[in-house]
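A.B. asks: Following is a predicted model, sequence given first.
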Amino acid sequence: MKKIDSEHLGYHILLAAAITIVALIVIVVCLRVFTRHGKEFKMPSYIGQNAEELTQRGRQEGFIFVVSEHRYEDGAVPGTVLKQDPSAGEKVKRGRKVYLTIAADEPPTIKMPELREIPFSQAKIMLEAQGLVLDRTIEKTSPYENLVLEVLYKGHSIASGTEIKMGEKITLVIGKDIQALPDSADVETSDEQ
């Protein structure tokens with residue numbers, strides 16, 4: 001067996017250290033190139049723009065547009081962007097996926113919740129949670145104070161579970177103490193109670 005002298009050993013250690021340093025520099029440079037380090041842009045706002053046009057010109061913009069949700073908003077132009085993620089102004093890199101929430105053509109249908117025989121305050125919260133609008137209330141003589149007696153849609157009674165479009169107006173008939181009401185049996189009031 002040959003003995004390795006100290007001169008050759010020192011040379012090999014220096015050579016290994018130099019190769020390691022060069023390899024690390026190459027790795028760092030490659031990482032900067034592939035991750036586009038330092039090449040961040042402010043995300044533009046796409047709110048109100050046509051989503052179909054955005055997805056078609058995605059490559060020109062430098063982003064990949066993905067429609068993640070359709071949501072109905074009263075007054076919004078169907079097919080336009082309502083929300084984006086990442087938000088406008090955030091620092092992002094080109095080639096990033098941008099998730100879009102798009103305005104739907106019409107409101108979704110929901111099932112009418114069961115509102116009869118529950119307190120008026122709870123019924124109002126349930127209506128709002130379903131995206132329905134309390135149009136007005138009608139007070140009717142009843143021994144059950146502030147209890148929902150009937151639910152009306154376009155002047156007619158509506159059963160729970162009936163499919164109805166979100167945003168529709170609902171009228172609630174609520175019970176009032178017989179002694180607290182005026183001589184007429186039923187009194188209409190607006191939602192501004």
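C.D. replies: Alright, I've got the coordinates. Residues are numbered from 1 along each chain as shown.

A.B. asks: Surely residue 65 is in a strand?
C.D. replies: Yes - assessed with DSSP: H, G, I helix; E, B strand; the rest coil, residue 65 lies in a strand.

A.B. asks: distance of it from residue 114?
C.D. replies: Separation of residue 65 from residue 114 (CB to CB, to the nearest Å) stands at 41 Å. (Glycine included, C-beta is placed from N, CA and C.)

A.B. asks: Which residue of those two possesses the greater neighbour count?
C.D. replies: Taking neighbours as other CB atoms under 10 Å, residue 65 and residue 114 compare with residue 65 leading, 21 against 14.

A.B. asks: hey, what's that one bridged with?
C.D. replies: residue 98 (DSSP bridges).

A.B. asks: ok, it touching residue 98?
C.D. replies: Yes - with contact defined as CB atoms under 8 Å, residue 65 reaches residue 98; the gap is 5.3 Å.

A.B. asks: Which neighbours do those two have in common?
C.D. replies: Counting by CB atoms under 8 Å, 6 or more residues apart in numbering, the shared contacts of residue 65 and residue 98 are residue 46.

A.B. asks: Can you get me the centre-to-centre distance for stretch 164-172 and its chain?
C.D. replies: 22 Å (CA atoms, centre = their mean, to the nearest Å).

A.B. asks: what distance separates the start and the end of that stretch?
C.D. replies: 16 Å (CA to CA, to the nearest Å).

A.B. asks: what does stretch 131-147 give?
C.D. replies: End residues of stretch 131-147 are separated by 21 Å (CA to CA).

A.B. asks: Please apply the same query to stretch 47-65.
C.D. replies: Its first and final residues considered, stretch 47-65 spans 13 Å by CA to CA.

A.B. asks: okay, now residue 85: neighbour count?
C.D. replies: Residue 85 has 13 nearby residues by other CB under 10 Å.

A.B. asks: Leaving out the residues flanking it, which one is nearest to it?
C.D. replies: Among residues not flanking residue 85 along the chain, residue 99 sits closest, at 4.5 Å (CB to CB, 6 or more residues apart in numbering).
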